[in-house]
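K.L.:
Sharing a model that was predicted from the sequence below.
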Amino acid sequence: MSQSLRDLIKQGLIDATKAQDKRRMATLRLIQAALKDRDIAGRTDGRDAGVSDAEILEVLSRMVKQRRESVGIYESAGRMELAQQEKEEIEIIESFMPKQLSDEETAAAVGAVISETGAASIKDMGRVMGELKKRHAGEMDFAKAGAIVKEKLA
């Protein structure tokens, strides 16, 4: 049985603590705090089991997106040391995520979902995007995928 993503993050924190890797420790603690917040929010909805690996991937994707935005802001402000710190955090977070699909693989996945769902017009975009998120959580940039879906259904 393979380890859950939560267990891998926990083990990564233990290893980083032993190695005294302060950046990795801080980043993994941020991930755990975000997961704890999601667990607490889930409990109010009646889900006591904690978040699933798919939800963990959503959290990690959101964290990477936030850091990419911060990198742009820091670089435009000339704060290269802060931009570098954010880039290091992105690498650490992405180490727990599946490999990202290339543009060609994303287009192929979009095409497959469109044909399987029978989507014919832009009205079907929500259904297509929902299916893509189910199948490719954490693997795909959904902003790019949305543009591809819009283009194919238009």
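P.N.:
Arrived safely. Numbering: from 1, shown residues only.

K.L.:
contacting residues for the residue sitting nearest the centre point of the chain?
P.N.:
Central residue of the chain (Cα atoms, centre = their mean): Ser61, 1.8 Å from the mean position. Contacts for Ser61 (Cβ atoms under 8 Å, 6 or more residues apart in numbering) come out as 97, 137-138. C-beta: built from backbone N, CA, C; applies to glycine.

K.L.:
just for the protein, where's the confidence low?
P.N.:
Counting by pLDDT under 70, the chain has low-confidence residues at 1-2, 47-48.

K.L.:
what about Arg67, helix or strand, and which?
P.N.:
helix 53-76 (DSSP states H and E).

K.L.:
Show me which residues of that helix are buried.
P.N.:
55-61, 63-64, 67, 70-71, 74 (16 or more other Cβ atoms under 10 Å).

K.L.:
Over to stretch 17-25?
P.N.:
Using 16+ other Cβ under 10 Å as the burial criterion, the residues of stretch 17-25 that qualify are 24-25.

K.L.:
I appreciate the help and will end here.
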